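A.B. asks: sharing a sequence plus its predicted fold:
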Amino acid sequence: MVLSLISCGVSEEPPEVNIPSTPVLTTPNLPVTQTEIVITDSIKDKSKPVSLDERFSYTYGYMLYSSLKQQGFENLDSEFFAKGVLDAQTGSGFFSQEEMSKVLSEVQNKRLEIAQIEQEALASENLERAESFLALNKDQKGVQVTDSGLQYKVLIEGNGDKPTGDQMVELDYQMILLNGKVVDSSYERGHSSRFQLKAIGVPGFIEGVKLMSEGSKYQFWIHPKLGYGEEGTQIIDPNSLLIVQVELKSVESIR
């Protein structure tokens, strides 16, 4: 059952990476500025790697740099990046371990601040879209609204038992977002889901299924406050409206 397993936690910390040692680049005894120029040019002018060690060194550097950019580190300075690798190999460097730890902490804090701002902006935008949609949808033919604000429409009315939160239910369902993206579907998994109703982590879903009788098929429009709220999940953005179609197959008391 995916509904109860969707994680609400999002890790902001990038994975730790260990840079392997790189070959020593020998340079003549020149002033520092000239030496750095020679090192830079020697890197740019290197021919295609041949040995396994050379190919691995190049591949690892390429993939590491690309990975960091994909993680959002768009302002990486490639020359200082290469300089850091060289200094790590020789044991020299501009900063002490304590200073480098402080740099990493500053960058991490900055990224967390940016992520928080973006999360809040997205949550506000999604909430506005959800409420605008629901304001129009409630007037559509056949749509009913509960006291909590849950909107639903009866597609097929069954005549069996209605479930309580403590009972086991078997159902087929599909959950989509306002943009049409399917985020959970028993149909796609190829089999019905069976679970204790109150174990679902979506209040609007629980409320909706309690309205149903065995054999029923309903569609629900779940306000973010009755869904995954401001936090969202790893695959559902904050304050997303949930559109869920449910077929209640059976209700069973737990012995």
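C.D. replies: That came through fine.
A.B. asks: what's the neighbour count on residue 187?
C.D. replies: Neighbour count of residue 187, defined by other Cβ atoms under 10 Å: 13. Where C-beta positions appear, they are placed from N, C-alpha and C, glycine not excepted.
A.B. asks: could I get the contacting residues of the closest residue to it other than its chain neighbours?
C.D. replies: The shortest distance from residue 187 to any non-neighbouring residue, by Cβ to Cβ, 6 or more residues apart in numbering, is to residue 174 (5.8 Å). Contact analysis of residue 174 by Cβ atoms under 8 Å, 6 or more residues apart in numbering lists 182, 184-188, 244-245.
A.B. asks: list phi and psi for residue 174.
C.D. replies: phi -140, psi 130 (degrees, to the nearest 10).
A.B. asks: any idea what it is bridged to?
C.D. replies: As for beta bridges, residue 174 partners with residue 185, residue 245 under DSSP bridges.
A.B. asks: which element follows the top helix by length along the chain toward the C-terminus?
C.D. replies: Longest helix in the chain by number of residues (criterion: DSSP state H): helix 97-137. Downstream of helix 97-137, the next assigned helix or strand under DSSP states H and E is strand 143-145.
A.B. asks: list the neighbouring strands of that next one plus their orientation.
C.D. replies: Strand pairing for strand 143-145, determined by DSSP bridges: strand 151-156 (antiparallel).
A.B. asks: need the CA coordinates for the partner strand. CSV is fine.
C.D. replies: Extracted in CSV, the C-alpha atoms of strand 151-156 (Å, rounded to 0.1, in the frame of the first residue of the first chain):
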residue,chain,number,x,y,z
GLN,A,151,-15.5,17.4,-2.4
TYR,A,152,-16.8,14.1,-3.9
LYS,A,153,-19.0,12.7,-6.6
VAL,A,154,-20.8,9.4,-6.6
LEU,A,155,-20.0,7.5,-9.8
ILE,A,156,-21.5,4.1,-8.8
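A.B. asks: so which of the contacts of residue 174 wins on neighbours?
C.D. replies: residue 244 (23 neighbours).
A.B. asks: what pLDDT is listed against that residue?
C.D. replies: We have a pLDDT of 98 for residue 244.
A.B. asks: low-scoring stretches of this protein, by residue?
C.D. replies: Flagging of the chain using pLDDT under 70 yields the residue ranges 1-41.
A.B. asks: what's the end-to-end length of stretch 156-163?
C.D. replies: 17 Å (Cα to Cα, to the nearest Å).
A.B. asks: which residues sit against it?
C.D. replies: Here stretch 156-163 has contacts from 169, 197, 209-217, 247-248, 250-251, using Cβ under 8 Å, 6+ apart.
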